[in-house]
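S.K.: predicted model, plus sequence, below.
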Amino acid sequence: MNNLARRAFALALATLTLLPTANALVRLELRPCAPRNEPFPVRCATREWVPGHYETIRERVWVPGATRGEWRTARQEWRVDRCGRLRLVLVEPGRWITLTEPGRFETRERREWIPGHWRVR
């Protein structure tokens, strides 16, 4: 290792040892700043813990239309043949048809767990 690399390593090691512990970070709170005679105001913030909780989330969902089968009965009619007699004639045989209803949007609700986190106010 050259001299520059050794110095960078030592600097990184010193920085890590100077970092506050996890307990100190939990208690960190920035107090409101005292007013100063500066051209730009200083913003101050506090941190607060938001515990984990459930949130209800509403979202629009596309619901495709349902498909169903429907039986159409045979269609018959009375007609006069060449000899002038009335006869019952099959115009359209009975059959199954497929009907598809149109799709639509629905608003659905679901509950989602939001884990605890820090919030800066």
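M.R.: Yes, it's here.
S.K.: hmm, who's touching stretch 77-95?
M.R.: With contacts defined as C-beta atoms under 8 Å, 6 or more residues apart in numbering, stretch 77-95 is touched by 71, 72, 73, 74, 75, 76. C-beta here means a position set from N, CA and C on the backbone, and glycine is covered the same way.
S.K.: could you list every residue that touches the second one?
M.R.: By C-beta under 8 Å, 6+ apart, the contact set of residue 72 is 92, 94, 95, 96, 97.
S.K.: the protein: strands as residue ranges?
M.R.: 47-50, 53-63, 67-72, 75-80, 86-92, 95-100, 104-114, 117-120 (DSSP state E).
S.K.: what would these look like in JSON lines with distance to residue 10 and mean pLDDT?
M.R.: JSON lines is the format used below for the strands of the chain (distance: least, C-beta to C-beta, whole Å; pLDDT from 0 to 100):
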{"stretch": "strand 47-50", "distance to residue 10": "32", "mean pLDDT": "91"}
{"stretch": "strand 53-63", "distance to residue 10": "45", "mean pLDDT": "95"}
{"stretch": "strand 67-72", "distance to residue 10": "72", "mean pLDDT": "94"}
{"stretch": "strand 75-80", "distance to residue 10": "96", "mean pLDDT": "94"}
{"stretch": "strand 86-92", "distance to residue 10": "94", "mean pLDDT": "93"}
{"stretch": "strand 95-100", "distance to residue 10": "73", "mean pLDDT": "95"}
{"stretch": "strand 104-114", "distance to residue 10": "42", "mean pLDDT": "95"}
{"stretch": "strand 117-120", "distance to residue 10": "32", "mean pLDDT": "90"}
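S.K.: any chance of those in TSV, plus distance to residue 8?
M.R.: Below are the strands of the chain laid out as TSV (distance: least, C-beta to C-beta, whole Å):
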stretch	distance to residue 8
strand 47-50	32
strand 53-63	44
strand 67-72	68
strand 75-80	91
strand 86-92	89
strand 95-100	69
strand 104-114	40
strand 117-120	31
